[in-house]
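Trainee: Next input, structure requested:
(3 chains)
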Amino acid sequence: MGEAFSLALALVFSGDADLLEIVLLSLRVSVTASVLACLFGLPLGALIAIGRFPGRNAVLILVNSLMGLPPVVVGLLVYLHLSRSGPLGFLGLLYTPTAMIIAQTILIAPIVAALSRQVLEDLHTEYADQFRSLCLTGTQTVQALLWDARFSLLTVGLAGFGRAVAEVGAVIIVGGNIDHLTRVMTTAIALETSKGELALALALGMILLVIALGVNAAVQSVRLTAMRQAYA
Amino acid sequence: MIARHIAAVAVALVAGGTAWAQDSILVQSTTSTANSGLYDYLLPIFQNETDIQVNVVAVGTGQAIRNAENCDGDVLLVHAKASEEKFVAAGFGTARTDLMYNDFVVVGPAADPAGVAGMNDIQGALAKISEAAAPFASRGDDSGTHKAEMRLWSSAGIDPTAASGEWYRETGSGMGATLNTGIGMGAYVMTDRATWISFNNKQDYVVAVEGDPDMFNQYGVIPVSPAKCPSVNADAAKIFADWLVSGEGQAAIAAYKVSGQQLFFPNAPEN
Amino acid sequence: MPDAMAMTLPFDVGADSPAILPLTVRDLVLRFGEATVLDGLSLDLGPTGCTIVLGPNGSGKSLLLKLLHGLLQPTSGRIAWGNHAPSEITARQALVFQKPVLLRRSVAANIDFVLKARGRDPSARRTLLEHVGLAHKANQPARLLSGGEAQRLALARALATEPEVLFLDEPTASLDPASVLAIEKIVGDARARGVRIIFVTHDVSQARRMADDVVFLHGGRVAEHSPATDFFPEPRSAAARDYLDGKIVL
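Mentor: Numbering: from 1, shown residues only, chains lettered A, B, ... in the order given. So this is what the prediction gives:
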């Protein structure tokens, strides 16, 4: 543990180029996946939150269950589609960061949808009569709910990012853990563990934790500043 | 309306992902060659001369072959001769060439509960482990090492899977993970020597059984066939495979050492 | 507060639209499972003025407003605004709730939201905020307003929709006397400009100040509907008399 800690410090302060590359790719893949998951997940969450359509309950149960999707299963599904012998093989996306982004987006979009559904439904309960009195359209309602819940939804997005940046099962299958191309923090940790380099693996784990802390702290400070200005 | 915006942003974000470099190949490889650092040593030498970017996906031999059969690779580098020959016979590979060898060893705790330390007869050693019901951790993942291990059990006339979950424990994981697990529970583990030498979590483990000719471990290299897989970079794959079995490539393999020990012994046929 | 008479609000009540007044309600029944809230209620309201709806707790006053506004469907019975069902003309009415539902945004943004949703001139915001005395708080978070300010903002937002009918559901229930008077003044101004006011309250002195006519609900029906000048001196129904005397009416 102590060895891992000093190793982590040494890695960070030596400005190791490989480490920087891996860290940046991790951030790029998982941040992009989180943004994409929000693009798909938030409207879906809003639709389930305020929509009253046949099969709504079934969709709700499905989305809630998909929060528990094992990353390996997502990885396999994406692999089977992006493989050269799969239906999307012609795109040549397997073993690229794009494939990793796709897999993580699929993994966390249900999390964003399910959590945002709860947030938006609670807010809509408060707003529903007022909005109906104002004769808002569905689109206006969704936009207003998304905007007014933005600080809670930021936390939802962070939950998705946390899951994405921490998972290894999906990215190792569709990314292949290729050095200088698709190696991210988690697959590097898995590799070092399999080489018996436990201290190095743990050191990378500590750095990953610090990165996650940094992202959360940054978002939290933005959130607090914005809240102080806009909202009580 | 909203859906169109979402689609536009999504496409923009995903398109930011790096595409493949123009002249690059993907090697579907067994893990031992990658984990032991062989590629980190070989590839810069090769890329110095050719400008071909070589990317390596390191998985178990069984999975590497399946990936290559899905056309998700340009070159296959694994260690399970029978499966490799089947791969070529089915038309997935252009030709298989012996590349290099090393050997398998059985590692065990210093306490040596089955009393096999120093043996050079693998069948006898496996029989003693089985009789003593001493824990044995197997890959259990259809990898090259797993296939070799099953072949050795079979030649010893033992079906260890009958004791699966008792003294015979199949981890279903890679070599490194199986070593970590096996060492954690005091089990014997069969591993290729390259992985063992470069493995850094040995604790009190030592090589217990080695030196049986049956524990020979042959690696082969196969370019994936463009006839089966039109998407492969056949020219670059052939250049890489040819280089590996050339005098220069073979010399580079022989020159790679970890802690002063040579891990792989080149044995490509001369021509 | 600025003098409302000096203000010119962007009002054009009922312009070129088919009339939605008078209001006719016949045999209105509202049940939730076993519970009957309204039990054959009938009511006629004329085209102008401020109608105060009085009645004991649980007499269905708030639910009646939601039915008239088209937010709720009755179990049976008929509501006609002119020739229209309530849900057809919800947009020509506004409702101010007892507890104002404000967006988690600035005071100004709460008004802008409605102006934009209704496609109205955004410059109306300034006039509206001045009218309710909140111009100086335009950039503050709406959720930090006091109870009286919040309700004035809710009123300004309701007025921003340029309603022909304004429903008020106990808007001053938990406010201090100065805030109550400020709200009554805004409502009175709207009435003076021709907005039809339908105002639920428990505050009998407020009812005396505001009412042109009074509807007294009891037992799920209209127990009495009289001009204010008749109702307060001499209510006809026994329930209304007890209510005004401060007796418990169930």
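Trainee: where are the low-confidence patches of chain A?
Mentor: Along chain A, the parts satisfying pLDDT under 70 run over A:229-232.
Trainee: Chain C contacts on that one?
Mentor: Counting by Cβ under 8 Å from any Cβ of the partner chain, the positions of chain A adjacent to chain C are A:126-127, A:129-130, A:132-136, A:140, A:144, A:147-148, A:230-232. For every residue, glycine as well, the C-beta is placed using N, CA and C.
Trainee: Residue B:204: which of the residues you listed is nearest?
Mentor: Distance to residue B:204 across those (Cβ to Cβ) is lowest for residue A:231, with 60.6 Å.
Trainee: And whichever helix or strand residue A:101 is part of, what does it pack against?
Mentor: Using DSSP states H and E, residue A:101 maps to helix A:97-133. Other helices and strands packing on helix A:97-133, by 3 or more Cβ pairs under 8 Å, 6 or more residues apart in numbering or on different chains; DSSP states H and E, are helix A:17-50, helix A:56-66, helix A:71-82, helix A:138-148, helix A:150-166, helix A:169-175, helix B:2-15, strand C:93-96.
Trainee: quick one: buried residues of the fourth one?
Mentor: Buried residues in helix A:138-148, counting neighbours by 16 or more other Cβ atoms under 10 Å in any protein chain shown, are found at A:141-146, A:148.
Trainee: Quick check: ChimeraX command selecting the buried ones in the residues of chain A next to chain C.
Mentor: Here is the ChimeraX selection string for the buried members of these, based on 16+ other Cβ under 10 Å:
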select /A:127,129,130,132,133,134,135,136,144,148,230,231
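Trainee: quick one: which two of the residues of chain A next to chain C are the most distant?
Mentor: Top of the distance list for the residues of chain A next to chain C (Cβ to Cβ): A:135 and A:232, 27.2 Å.
Trainee: from the middle of its chain, how far away would the helix holding residue A:101 be?
Mentor: Offset of helix A:97-133 from its chain centre (Cα atoms, centre = their mean, to the nearest Å): 13 Å.
Trainee: Domain map for chain B?
Mentor: Structural domains assigned to chain B are B:2-101+B:218-266, B:103-215, following automatic domain parsing.
Trainee: Closest residue of the stretch 51-200 of chain B to chain C?
Mentor: For the stretch 51-200 of chain B, the residue closest to chain C is residue B:57, as judged by Cβ to the nearest Cβ, at 48.7 Å.
Trainee: For the host helix or strand of residue B:48, enumerate the helices and strands it packs against.
Mentor: Assigned by DSSP H and E, residue B:48 belongs to helix B:38-50. Packing partners of helix B:38-50 (3+ Cβ pairs under 8 Å, 6+ apart): strand B:53-58, helix B:234-245, helix B:247-255.
Trainee: Can you say which of these is packed in most?
Mentor: Of all the helices and strands packed on helix B:38-50, strand B:53-58 carries the top mean neighbour count, a mean of 22, counting by mean count of other Cβ atoms under 10 Å in any protein chain shown.
Trainee: got the angle for that strand vs helix B:234-245?
Mentor: Inter-element angle recorded for strand B:53-58 and helix B:234-245: 70 degrees (by axes from the mean of the first three to the mean of the last three Cα atoms, to 10 degrees).
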